[in-house]
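# coords please:
(one chain, ligands or ions: 1)
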Amino acid sequence: MKILVTGGLGFIGSHTVVELQQKNYEVVIIDNLSNSSIDVLSGIEKITGKTPEFHNFDLCEREKVNQFFKNHQDLSGIIHFAASKAVGESVENPLLYYENNINTLVYLLKAQTQFQQANFIFSSSCTVYGEADKLPITEDAPVKQAESPYGNTKQIGEEIIRDTAKTYSHFKAIALRYFNPIGAHESAEIGELPIGTPQNLVPYITQTAAGIRNELSIFGDDYPTVDGTCIRDYIHVVDLAKAHVVALERQLQDSCKTNFEVFNLGTGKGSSVKEVVQTFERVTNQELPHKIVSRREGDVVAAYADTQKAKNELGWATKLTLDDALASAWKWQLKLRQTH
Ligand code: UD1
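Numbers count the residues shown, from 1 in each chain. Modelled structure (predicted):
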């Protein structure tokens with residue numbers, strides 16, 4: 001069966017391509033390399049022994065999207081990762097984010113419904129919950145006003161898909177709301193490749209340990225949490241990638257309860273920033289230079305997933321731990337140091 005993976009050379013996309021190929025799906029990737037590298041293709045090949053079909057173009061180019069679908073009428077499913085994801089950049093350039101994340105989604109869905117293709121999986125984010133009223137966060141927690149244009153594109157994206165599913169009965173969609181994906185494939189052949197200074201915690205930590213950054217700044221230690229630092233649900237990217245295959249198979253087996261479904265993907269366990277730093281130090285057996293600075297605007301105090309729905313409906317739960325994720329992220333960073 002042939003599966004289209006947009007953004008298939010990105011961080012989560014590439015790990016999902018590996019899991020799909022290991023289950024014998026034939027993968028076709030569309031990626032414009034705006035936040036990824038062509039070298040990822042050879043990483044995927046080293047792990048799986050197979051090179052996916054690759055198309056380098058921007059999904060904003062509507063004619064190319066249509067042409068692609070004309071030439072690929074045998075797709076069994078689409079997993080749509082391709083999107084811009086830097087919160088700060090989205091505040092500076094909101095229209096770029098609406099163009100990259102919304103136009104592309106509409107073009108894809110138009111082509112998909114026109115060619116009567118059924119299955120669509122959307123990369124969403126726990127950012128749609130904002131500062132949740134209750135923890136752990138269940139899927140029926142209210143969607144809060146987005147803190148950034150990036151977050152808004154995830155909310156609007158879900159609404160566009162919900163409306164599409166209402167109209168086209170042949171169409172099935174699942175939105176996966178990721179908590180904080182971290183880590184890398186255990187082979188260290190693929191991992192996260194942040195361009196410029198990392199905005200996310202774990203790549204900043206690994207780059208600091210590798211000597212690329214002087215020290216980690218912890219954004220605030222006066223939050224109402226155990227140690228004053230924010231709490232997040234860090235999920236190993238390989239567990240997350242496997243969840244995409246499970247969601248796709250739910251669609252392929254026609255087991256969806258409704259034709260638009262939403263699932264949280266997290267471990268269910270919250271970890272503070274300080275806990276992540278300490279775990280990294282223990283797992284890698286080295287000290288990580290860090291200091292406390294003021295809070296970062298837009299950060300929520302705590303977010304971690306209620307995992308019951310994913311367990312009950314998808315039969316999926318995470319298997320890997322924070323230790324595993326941080327060890328794999330470090331192994332990947334060491335590999336990057338050798339090769340770049
Ligand atoms: C961020 C985005 C979120 C997006 C996700 C994608 C914000 C506010 N949120 O989530 O919308 O879906 O990335 O991966 O940008 N931290 C530090 N020092 C650092 C970096 C981070 O202390 O140098 C702290 C943050 O304050 C936070 C935690 O580490 O408490 C995790 O931060 P990060 O990795 O950026 O993820 P989120 O902010 O949860």
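# For the rest of this, base every contact and every neighbour count on C-alpha atoms.
Fine.
# who touches the residue nearest to L216 when sequence neighbours are not counted in this structure?
Spatially, and ignoring its direct neighbours in sequence, L216 is nearest to H290 (4.5 Å; C-alpha to C-alpha, 6 or more residues apart in numbering). For H290, the contacting residues are E215, L216, S217, I218, by C-alpha atoms under 8 Å, 6 or more residues apart in numbering.
# Format the CA atom coordinates belonging to stretch 28-41 as PDB.
Provided in PDB are the C-alpha atoms of stretch 28-41 (Å, rounded to 0.1, in the frame of the first residue of the first chain):
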ATOM      1  CA  VAL A  28       6.100   8.600  -1.200                       C
ATOM      2  CA  ILE A  29       7.500  11.800   0.400                       C
ATOM      3  CA  ILE A  30       6.800  15.400  -0.600                       C
ATOM      4  CA  ASP A  31       9.200  17.800   1.200                       C
ATOM      5  CA  ASN A  32      10.600  21.200   0.100                       C
ATOM      6  CA  LEU A  33      13.700  20.900   2.300                       C
ATOM      7  CA  SER A  34      12.800  24.200   4.000                       C
ATOM      8  CA  ASN A  35      13.600  22.800   7.400                       C
ATOM      9  CA  SER A  36      15.200  19.500   6.600                       C
ATOM     10  CA  SER A  37      18.000  18.000   4.600                       C
ATOM     11  CA  ILE A  38      18.300  15.600   1.700                       C
ATOM     12  CA  ASP A  39      20.800  13.600   3.700                       C
ATOM     13  CA  VAL A  40      17.800  12.300   5.800                       C
ATOM     14  CA  LEU A  41      16.900  10.100   2.800                       C
END
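# contact partners of it?
Under the criterion C-alpha under 8 Å, 6+ apart, residues 2-11, 14, 51-59, 82, 190, 193-195 lie in contact with stretch 28-41.
# filter those residues down to the ones near the ligand?
Here nothing survives when the contacts of stretch 28-41 are matched to the ligand using C-alpha under 6 Å from any ligand atom.
# Which among these count as buried?
2-11, 14, 51-52, 54, 58-59, 82, 190, 193 (16 or more other C-alpha atoms under 10 Å).
# So which of the residues you listed belong to strands?
K2, I3, L4, V5, T6, F54 (DSSP state E).
# doesn't S76 make contact with the second one?
By that I understand I3. Yes. At 5.7 Å, I3 counts as touching S76 under the criterion of C-alpha atoms under 8 Å.
# which element is R177 on?
According to DSSP states H and E, R177 maps onto strand 172-178.
# Can you tell me what sits against that strand?
Applying C-alpha under 8 Å, 6+ apart, the contact partners of strand 172-178 are 118-126, 158, 161, 165, 240, 247, 251, 256, 258-266.
# are any of those residues buried, and which?
When the contacts of strand 172-178 are checked for burial by 16+ other C-alpha under 10 Å, the buried set is 118-126, 158, 161, 165, 240, 247, 251, 256, 259-266.
# Could you list which of the residues you listed also contact the ligand?
Checking these against the ligand by C-alpha under 6 Å from any ligand atom, the ones in range are S125.
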